[in-house]
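[1] sequence first, then the predicted structure, then my questions.
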Amino acid sequence: MPNPDALLRNLKPKGPAEVGNGTESPETLLIVDDEEFNRDMLSRRLRRAGYRVECAASGPQAIQALETETIGAVLLDIMMPGMSGLEVLKALRAAHSPSQLPIIMVSSIHDGEEIAEALNAGANDYVTKPVDFAVTLARIKTQLTRRRAEEALRENEERYALAMRGSREGLWDWDFSSERVLYSQGWKDLLGFSESEIGDSPLEWLGRIYEQDRPQVESALAERKASQYGTEFSSEHRIQHKNGDYRWVLCRGAIVRAADSNPIRMVGSMSDITSSKAFDSLTGLSNRTSFVDKLTTLLRETSANQRNTFALLFLDLDRFKVINDSLGHGIGDELLQAVARRLEGSVHFRRNQRSLDDLARFGGDEFAVLLTELKHPLDSVVVARRILDRLRGPFQLGGREILAKASIGITLVDASYSTAAEILRDADIAMYRAKAAGGGRYELFDATLRDDAMERLELEHRLGQALERKELVLYYQPKVCLKTGRTMGFEALVRWQHPEKGLISPAKFIPLAEETGAIIPIGAWVVEEAAAQLARWQAQFPLEPPLTMSLNVSVKQLWDADFVGLVRRTLTKTGISPATLQLEITESVAMREDDFPAKVLHELKELGVTLDIDDFGTGYSSLNRLDQYPFDAIKIDRAFVLRLHKDARLIEVIRSIVMLANSMNLFITAEGIETKEDADALVSLGCQCGQGYLFSRPLAAEEIERTILSDINFSTRGLGMRK
């Protein structure tokens, strides 16, 4: 007889890139939603989970996508303008059965009738808004697994039966002709029974269901058996354990039909979900589901009874991933538990008097606080400050002292909100604004934040196409010898020529590129384009010493395994002298308290390029570690230069930097020079090179050639100062 454990392994649900022998492509999911924000947020998370994702903004687009793409499962919004989700569902079911194409409806928790109609029309499952990604991902995996399981079952039912008998999971197999159910030992274990204490009658299951839940379970089973498309069965209900307690379980099943479409059996699983119904198992706080339920109820009561404003605080720990990755998940879990206790202390004074207040862990390092019956809307700010104060104290975990801080977004809820999803969305937007401002702070939501978030989303989407559409351009700012005025080289600065918004500041899109990873292809393009331009200018204007080109390098580029190879290939392709390519690394990156930058910087130095510390003096350096890195130059930050004649102390700061640089044989450049007085002062302090609007603003390559390089006399004359 085949080994049941081996058969179970064959039936084990596979991840999106784990099908067959691992050589097949990942499953493709289709998201159908008229809201771009919803499509974008969900598609990015699903791609990170390993799936390929296609998106459709309407029913006709979805139908067309299925005609041209092989789709593993569909996430279909139930409420859409034009062709509704139900109409799309019926159209898809005309061509694809539930076992061939799983369709999961996405709906508001208030769409009960529409959900029921969708399930009757052949939907496999549904999730509610606000979308819980962990639940959604689990349901997608379940549907894809079931599709494969049905195929396997049709191919070899005997193998499945053997696997089920050997399983310790809560599996069951219901034969409709004999009205007998084969329950796995894992199913019996969930209810505390031994092998011999459970028979094979359907009543062993149905008879133990909580009295108030049983009618809906039996009705759902009957509907699935009777419906032409009623293949998938799913039910959350309470069932009695042997000790008398009731446990919440999730039962899912798939009906197997004969050639004439009559149902012959149903196979499925049962899982204990008691802990997930109300509480987070790690912290003991309310979980996301129960918190959203309470938020929805409170919102409904507020609308009906004109209650006072209430508030939602959404909290995310700053740098939690660093702590988790460096100290381990065990310490990470202990930190989350300790944070939960401090949060309880922060809102305890309210809980004694207001039973509607709630505190929940949403998952990961995200927490939410619900504050009700506020005497004044800004009472929520008082609570946020109290939370931040309580979190500032060090945590003693695993023999270590750990510092943690959090970013908090606050939404004041009023009559303008109609769903919990809207409240959570705005609190999340405010929280990310707090995080972007440096963390360890709170932000109150207002409509401008939502507008900013939508603009950011639009820019993020467009930025991914900017290179391909040739919307990025390089501008060049001259670097000048302060003593002679001669042009020594240029700094390449990337600009984005947006077709609708015009020239977008790097301060606006570079951080976005860093966050999304777009900085890698953009940075590679800058290296190649700037080096090629330098090669053309060196050939056209053969100065001695030759012109140089400076490039800003981000931490993400240094992390990229191919960055050193990119620089090596670019030097070979352009033929420029490596020393004339100057890579500028910000001081905060260069002086990290680990070995990360040293290895990469030494590899770059072996290529012969020049390495500069950018923004020097901004307060991050461990100066005693400076000699560990192969730097050639220091670039004094513009913040010092711009205030040079407003604060006499800065003269001494720059003098100290120059002395340090001279002692280490480092070249010195000052940026942000705007007046002749500043230039003269910097020369007297010992600075060798400078750049700024005194000499020239950043210019396009054509302007550089026409107004800067054309002025150079190759034998005797350099560049004079330009306003």
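    The structure has been received and is ready for your questions.

[2] and residue 127, backbone torsions?
    phi -130, psi 150 (degrees, to the nearest 10).

[3] relative to residue 113, how far out is it?
    17 Å (Cβ to Cβ, to the nearest Å). Glycine gets a C-beta too; all of them are placed from N, C-alpha and C.

[4] neighbour count for these two, which is higher?
    residue 127 (19 against 8; other Cβ atoms under 10 Å).

[5] who's in contact with that one?
    Residues near residue 127 by Cβ atoms under 8 Å, 6 or more residues apart in numbering: 75, 104, 105, 106, 107, 135, 136, 139.

[6] for the second one, list each beta-bridge partner.
    In this case it means residue 104. Beta bridges link residue 104 to residue 75, residue 125 when assigned by DSSP bridges.

[7] okay, residue 450: pLDDT?
    Turning to residue 450, the model gives it a pLDDT of 70.

[8] in stretch 507-526, what counts as buried?
    Residues of stretch 507-526 classed as buried by neighbour count (16 or more other Cβ atoms under 10 Å): 509, 510, 513, 514, 518, 519, 520, 522, 523, 524, 526.

[9] widest-spaced pair of those?
    Taking Cβ to Cβ, the two most distant members of those are 509 and 524; they sit 16.3 Å apart.

[10] circling back to that earlier point, including pLDDT, could the contacts of residue 127 go into CSV?
    Listed next are the contacts of residue 127 as CSV, based on pLDDT from 0 to 100:
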residue, pLDDT
75, 93
104, 93
105, 91
106, 91
107, 87
135, 88
136, 90
139, 90
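
[11] which single one of those is nearest to residue 708?
    residue 75 (55.3 Å).

[12] quick one, phi/psi of residue 399?
    Per-residue torsions, residue 399: phi 80, psi 10 (degrees, to the nearest 10).

[13] likewise for residue 364?
    Phi and psi for residue 364, reported as degrees, to the nearest 10, are phi 60, psi -130.

[14] ditto for residue 531
    phi -70, psi -40.

[15] going forward can the numbers begin at 19, since that is how I track them
    Sounds good: first residue 19 from here, last item residue 549.

[16] surely it and residue 567 touch.
    Yes - between residue 549 and residue 567 there is a contact at 6.7 Å, judged by Cβ atoms under 8 Å.

[17] more crowded one of those two?
    The neighbour comparison of residue 549 against residue 567 (other Cβ under 10 Å) goes to residue 567, with 26 against 21.

[18] assign a three-state SS to that one, would you?
    strand (DSSP: H, G, I helix; E, B strand; the rest coil).

[19] show me what contacts residue 442?
    Contacts of residue 442 (Cβ under 8 Å, 6+ apart): 148, 310, 313, 330, 332, 386.

[20] recalculate using a threshold of 7 Å.
    148, 332 (Cβ atoms under 7 Å, 6 or more residues apart in numbering).

[21] name the SS class of it, please.
    On the basis of three-state DSSP, residue 442 is classed as helix.

[22] for it, give me the pLDDT.
    93.

[23] measure it to residue 384 for me?
    10 Å.

[24] re earlier: now, of the contacts of residue 145, which are buried?
    Buried among these (16+ other Cβ under 10 Å): 93, 122, 123, 124, 125, 154, 157.

[25] now do the first one against residue 265, distance only.
    Put plainly, it is residue 93. 30 Å.

[26] before we move on, what about the second one?
    Counting by Cβ to Cβ, the separation of residue 122 from residue 265 is 26 Å.

[27] which residues in the stretch 69-218 of the chain form strands?
    70-74, 91-95, 121-126, 143-147, 189-193, 198-201 (DSSP state E, counting those that start in this stretch).

[28] do the stretch 369-518 of the chain as well
    So, for the stretch 369-518 of the chain - with DSSP E, counting those that start in this stretch - the strands run 376-381, 384-389, 413-415, 418-420, 423-431, 460-462, 490-499, 505-516.

[29] ok, back up a step: please narrow the buried residues of stretch 525-544 to those residing in helices.
    Counting by DSSP state H, the part of those found in helices is 527, 528, 531, 532, 537, 538, 540, 541, 542, 544.

[30] redo those residues as a markdown table? Include pLDDT and distance to residue 681.
    Shown next, in a markdown table, are these (pLDDT from 0 to 100; distance: Cβ to Cβ, whole Å):
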| residue | pLDDT | distance to residue 681 |
| --- | --- | --- |
| 527 | 85 | 39 |
| 528 | 85 | 33 |
| 531 | 84 | 37 |
| 532 | 82 | 34 |
| 537 | 89 | 34 |
| 538 | 91 | 36 |
| 540 | 91 | 37 |
| 541 | 92 | 33 |
| 542 | 94 | 36 |
| 544 | 95 | 33 |
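
[31] and stretch 364-378, end to end?
    The straight-line separation of the ends of stretch 364-378 (Cα to Cα, to the nearest Å) is 13 Å.

[32] same deal with stretch 624-631?
    End-to-end distance for stretch 624-631: 17 Å, by Cα to Cα.

[33] tell me which residues in that stretch are buried?
    Of all the residues in stretch 624-631, those buried under the rule 16+ other Cβ under 10 Å are 627, 628, 629, 630, 631.

[34] pLDDT on that stretch, on average?
    93.

[35] got a list of contacts for that stretch?
    Contacts of stretch 624-631 (Cβ under 7 Å, 6+ apart): 568, 585-586, 589, 596-597, 599-603, 605, 608, 619, 622-623, 648-653.

[36] of those, select the buried ones using a ChimeraX command.
    Buried residues within the contacts of stretch 624-631, by 16+ other Cβ under 10 Å, are selected in ChimeraX with:
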select :568,585,586,589,596,599,600,601,602,603,605,608,619,622,623,649,650,651,652,653
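
[37] just the contacts of stretch 624-631: which are in strands?
    Counted as lying in strands by DSSP state E, out of these, are 568, 599, 600, 601, 602, 603, 651, 652, 653.

[38] give the contact list for the third one.
    Right, the one you point to is residue 600. By Cβ under 7 Å, 6+ apart, the neighbours of residue 600 are 566, 567, 568, 628, 630.
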